[in-house]
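1. Here's a sequence, model it:
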Amino acid sequence: MAWLLLFVAGLLEVGWAVGLKYTDGFTRLVPTVWTLASMLASVVLLGMALKTLPVGTGYAVWTGIGAVGTAILGIYLLGEPATPMRIASIMLIVAGIIGLKLAS
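-> Below is the predicted model of the structure:
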């Protein structure tokens, strides 16, 4: 159950990270509310997951999911470059997440 909570927390981190782009400096109400709600829910779920998972593993996986998801959405939604080095770097983060899961 802790891994599921951590995964959802990571997805919510992606939501608030991308949401920051749409808040326009926290001047747009709906994106700002969504972003702040995603931040709160993400941290709460992370805290719940860390009740049973090691903090180093949980935090690294949470930030890894956030980094990978945000980078991918940046490519698809925001037209950011999908260079070979960028894709390889994303794959390395995924490999690290998988390694941490397998080591736990």
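
2. buried stuff in stretch 18-37?
-> By neighbour count on 16 or more other C-beta atoms under 10 Å, the buried set for stretch 18-37 is Val18, Gly19, Leu20, Thr23, Pro31, Thr32, Trp34, Thr35. Glycine gets a C-beta too; all of them are placed from N, C-alpha and C.

3. Just the closest of those to Tyr76, please.
-> Compare each of the buried residues of stretch 18-37 with Tyr76 using C-beta to C-beta and the shortest gap goes to Val18, at 10.3 Å.

4. what's near enough to touch the closest one?
-> The contact partners of Val18, taken as C-beta atoms under 8 Å, 6 or more residues apart in numbering, are Thr70, Leu73, Gly74, Leu77.

5. Tell me the residue in the protein that is farthest from the middle.
-> If you look at how far each residue of the chain sits from its centre, by C-alpha atoms, centre = their mean, the farthest one is Thr27, at 23.1 Å.

6. before we move on, which element is the residue nearest the centre of the chain in?
-> Compute the mean C-alpha point of the chain, and by C-alpha atoms, centre = their mean the closest residue is Gly66, 1.6 Å away. Assessed by DSSP states H and E, Gly66 sits inside helix 55-78.
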